[in-house]
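# My questions are about this predicted structure, shown below with the sequence.
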Amino acid sequence: MRKLFAIGGIMIFSFASCEKVIDVALKDAEKQFVIEGIITNKPGDCMVRISKTKSFDDSNAFDGISNATVSVTDNEGNIVSLAEAETGVYRSAFFAAGTGKTYTLRVDVNGRAFTASCIMPTAVNMDTLYVKDESFFGEKMKLANVEYLDPPGKGNCYRFVQYVNGRKEKSIFIRDDDYSDGNASTITLFTAPDEKGKIESGSIVRVEMQCISPVIYQYWFSLFQGASGSSNAASPANPVSNIKGGALGYFSVHTVQNQTVVAP
């Protein structure tokens, strides 16, 4: 049995009935910094986004935090500073990660320091991407499928990001190799029915395959558990983070490769 996790859309059904307005007093938790750091094997992908958590009734717009000092150091002592490209977004235009190296992120902002480390995994080739008709809860849908060969030796972890006609799919697709170590693998990117992201004949489908570290797999897995209600915790919890110092988010160093097909 292979592990594949995906979060689709949430369907909310409303039933007409007697209505009573109830005002609920929601207490705002203390705001925390949120750090989203990414380095890949492609120059120009290096990016760190810094923001803060929001109150329940705040907008979902990204409000970046400026004037932070952001750097990345590899295990050979090389340091790269990231400049603020736009409010709260820090980039390096030329930096790319190397296989097997450990990278440490440091963020100094508003008198606080946050650090995180991540190892760059070995790239695993994305062999084939294709779209075919699948039966999904009694409904026939066109779904993307990815084939790749997992190398021998457990510990390989993957994330897949799907785009349909340029629109990014919100579902989370991750897999480890606990039950597929060293084998040829095919995964189907199951998504909940959504007219905006539905694959139809002629749709342009692009899938990005990421080889991620086990610690980042745990981040996405815990995010999936919390969002889907699969966790055994009595109350919702934040995803498991590799960032130290009290911030939320993650620092991922991973490989990327893309393939694009036109749905038949």
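Okay, I see it. Residues are numbered from 1 along each chain as shown.

# Show the residue spans covered by the strands in the stretch 101-250 of the chain.
For the stretch 101-250 of the chain, the strands defined by DSSP state E, counting those that start in this stretch cover 102-109, 112-119, 126-136, 139-149, 157-164, 167-168, 173-176, 184-188, 204-212, 243-244, 248-262.

# Okay, buried residues for the first one please.
If you call a residue buried by 16 or more other C-beta atoms under 10 Å, then strand 102-109 has these buried ones: 103, 105, 107, 109. Every C-beta, even on glycine, is put in place using the N, C-alpha and C of the backbone.

# what angle sits between it and strand 248-262?
With axes from the mean of the first three to the mean of the last three C-alpha atoms, to 10 degrees applied, the angle from strand 102-109 to strand 248-262 works out at 120 degrees.

# Neighbouring strands of strand 102-109 in the sheet, and parallel or not?
strand 69-74 (antiparallel), strand 112-119 (antiparallel) (DSSP bridges).

# And for the last one?
Here strand 248-262 has these sheet partners by DSSP bridges: strand 33-40 (parallel), strand 204-212 (antiparallel).

# Could you export the strands of the stretch 101-250 of the chain as CSV, including distance to residue 42 and mean pLDDT?
Below are these laid out as CSV (distance: least, C-beta to C-beta, whole Å; pLDDT from 0 to 100):
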stretch, distance to residue 42, mean pLDDT
strand 102-109, 15, 98
strand 112-119, 16, 98
strand 126-136, 14, 92
strand 139-149, 18, 94
strand 157-164, 14, 97
strand 167-168, 17, 93
strand 173-176, 20, 96
strand 184-188, 23, 96
strand 204-212, 11, 98
strand 243-244, 23, 98
strand 248-262, 6, 98
